[in-house]
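Undergrad: Fold the following, please.
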Amino acid sequence: MQDRARELRKELTPAEKKLWSYLRLGQLDGWQWRKQHAVGTYSVDFFCAKAKLVIEVDGDTHADPDQAAYDAERTRWLNEQQHYRVLRFTNVEIHRHIEAVLERIQEALKEPPS
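TA: Sure, this is the predicted structure:
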């Protein structure tokens, strides 16, 4: 899993690159983020350990019913087994409404981890 996460770090989608440009180097209120971080058997798009917060960026493939079921199971596992909060954003949200996306992330960061 670590090797796959390492590969994914080099292959960010345009939406992931855009969001990463706001998260990296503590630019968002000083919070430290990791991109394409391995958690169990999964690789999450962005991970903030201190806040126990995961951000997933959903592209067009996430509309597929099989992918949606996989995403739901993964989110359930992250929530219930790992006690991480998961925020999901679409590529469209990131490209067209980045300020609203960043506001939602900042609001989640203000909430104490469970």
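
Undergrad: Now do residue 65, the pLDDT please.
TA: pLDDT recorded at residue 65 is 78.

Undergrad: Pull up the gap between it and residue 71, please.
TA: Using C-beta to C-beta, to the nearest Å, we find residue 65 at a distance of 11 Å from residue 71. Using the backbone N, CA and C atoms, a C-beta is placed for each residue, glycine as well.

Undergrad: for residue 17, same thing?
TA: 21 Å.

Undergrad: Residue 55 now?
TA: Residue 55 is 13 Å from residue 71, by C-beta to C-beta.

Undergrad: okay, and the common contacts of the two?
TA: By C-beta atoms under 8 Å, 6 or more residues apart in numbering, residue 55 and residue 71 have these common neighbours: residue 88.

Undergrad: Residue 17 and residue 71: which is more packed in?
TA: Neighbour count, other C-beta atoms under 10 Å: between residue 17 and residue 71, residue 71 has more, with 17 against 12.

Undergrad: chain center to the strand or helix carrying the more buried one: distance?
TA: For residue 71, the host element (DSSP states H and E) is helix 65-80. With C-alpha atoms, centre = their mean, to the nearest Å as the basis, helix 65-80 stands 13 Å off its chain's centre.

Undergrad: Which positions in the helix or strand just after it come out as buried?
TA: Next helix or strand after helix 65-80 toward the C-terminus (DSSP H and E): strand 85-90. By neighbour count, with 16 or more other C-beta atoms under 10 Å as the criterion, the buried positions of strand 85-90 are 85-87, 89-90.

Undergrad: before we move on, what about stretch 104-112?
TA: 105, 108-109.

Undergrad: Show me which of the residues you listed is closest to residue 75.
TA: residue 108 (14.2 Å; C-beta to C-beta).

Undergrad: host element of the closest one?
TA: Residue 108 belongs to helix 98-110, assigned by DSSP H and E.
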